[in-house]
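A.B. asks: how would this look folded up:
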Amino acid sequence: MEKFNTQEFDFIEYLNPGSRQVQENIKKILGASENWTAQVNCIDKIQGAFQITIQGTLKKKNELCRMHH
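C.D. replies: The predicted structure follows:
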């Protein structure tokens, strides 16, 4: 699996909604995490819209990946 760089958190909100990049970025985040939980905030069964919050802890090696110059 590709290594997750924490700088990607800065850009995830700006990716095109519904794009493969969003899906791949979330997979990388979960793969680089020791643990995570998901909470369903709301579901609109009529529109098919939903909101989910994911919270987790990155593995130690990934916490050191972010570097500012």
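A.B. asks: could you give the mean pLDDT of stretch 28-45?
C.D. replies: Average pLDDT, stretch 28-45: 93.
A.B. asks: Return the distance of it from the chain's centre.
C.D. replies: Here the centre of stretch 28-45 is set off from its chain's centre by 8 Å, with CA atoms, centre = their mean, to the nearest Å.
A.B. asks: May I have the strands that pair with the longest strand anywhere in the chain, each with its orientation?
C.D. replies: The residue-count maximum for a strand in the chain (DSSP state E) belongs to strand 33-44. Paired with strand 33-44 in the same sheet, following DSSP bridges, are strand 49-58 (antiparallel).
A.B. asks: contact partners of the partner strand?
C.D. replies: Applying CB atoms under 8 Å, 6 or more residues apart in numbering, the contact partners of strand 49-58 are 4, 6, 26, 29-30, 32-44. In this view, the C-beta of every residue, glycine as well, is placed from N, C-alpha and C.
A.B. asks: Report the central residue of the chain.
C.D. replies: Ranked by distance to the mean C-alpha position of the chain (CA atoms, centre = their mean), the top residue is I26 at 3.6 Å.
A.B. asks: Alpha carbons of stretch 50-57, as PDB, please.
C.D. replies: Included here for stretch 50-57 are C-alpha records, laid out as PDB according to Å, rounded to 0.1, in the frame of the first residue of the first chain:
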ATOM      1  CA  PHE A  50     -25.300  11.100   3.900                       C
ATOM      2  CA  GLN A  51     -22.700  12.500   6.300                       C
ATOM      3  CA  ILE A  52     -20.100  10.300   8.100                       C
ATOM      4  CA  THR A  53     -17.300  11.400  10.400                       C
ATOM      5  CA  ILE A  54     -14.200   9.300  10.500                       C
ATOM      6  CA  GLN A  55     -11.800   9.700  13.500                       C
ATOM      7  CA  GLY A  56      -8.600   7.800  14.000                       C
ATOM      8  CA  THR A  57      -5.000   7.600  15.100                       C
END
